[in-house]
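K.L.:
Dropping a prediction and its sequence here:
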Amino acid sequence: QLKDVAPDVLEAVPAIVMQIPKKAKNMKPQELSNCLWASGQLKDVAPEVLQAVPAIVAQIPDKAPDMIPQELSNCLFACAQLKDEAP
């Protein structure tokens, strides 16, 4: 578990989350899918990451046509993980 091995890494999450809404519109498809995937992975150990999800998801419809299959599958995987969590 990250919280046991490197808890200081999780301390950076709030600062990162605050930047997502400001930068999501300019993110590339891979960056969006990576952020969404990471949100799904971090939701239990750093629930504040869920605050970034709406800004990420708002950009997906415009960027989805440019996504490669891996990016699309990462988004779907993240959605499955976040289905009961994201605001």
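P.N.:
That came through fine.
K.L.:
ok, now how distant is Leu50 from Ile68?
P.N.:
26 Å (Cβ to Cβ, to the nearest Å). Placement of C-beta: from N, CA and C, glycine included.
K.L.:
Correction: the previous question concerned Lys83.
P.N.:
23 Å.
K.L.:
is it true that Trp37 touches Asn74?
P.N.:
Yes. Judged on Cβ atoms under 8 Å, Trp37 makes contact with Asn74 at a distance of 4.6 Å.
K.L.:
Which residue comes closest to the residue nearest to the spatial centre of the chain once chain neighbours are left out?
P.N.:
Compute the mean C-alpha point of the chain, and by Cα atoms, centre = their mean the closest residue is Leu36, 2.6 Å away. Nearest non-adjacent residue to Leu36, counting by Cβ to Cβ, 6 or more residues apart in numbering: Ala78, 4.1 Å away.
K.L.:
Name the SS class of the one you found, please.
P.N.:
Judged by DSSP: H, G, I helix; E, B strand; the rest coil, the three-state class of Ala78 is helix.
K.L.:
what's around Asp62, how many residues?
P.N.:
For Asp62, the neighbour count with other Cβ atoms under 10 Å is 11.
K.L.:
go on, Asn34?
P.N.:
Counted with other Cβ under 10 Å, Asn34 comes out at 17.
K.L.:
I figured it was touching Gln70, is that so?
P.N.:
No. The pair Asn34 / Gln70 is not scored as a contact, 10.3 Å apart, by Cβ under 8 Å.
K.L.:
and Asp44, backbone torsions?
P.N.:
Main-chain torsions, Asp44, degrees, to the nearest 10: phi -80, psi -30.
K.L.:
Could you pull out the buried residues of stretch 60-68?
P.N.:
Neighbour-count burial for stretch 60-68, counted by 16 or more other Cβ atoms under 10 Å, picks out 60, 63, 67.
K.L.:
who's in contact with that stretch?
P.N.:
27-29, 32-33, 36, 72, 75 (Cβ atoms under 8 Å, 6 or more residues apart in numbering).
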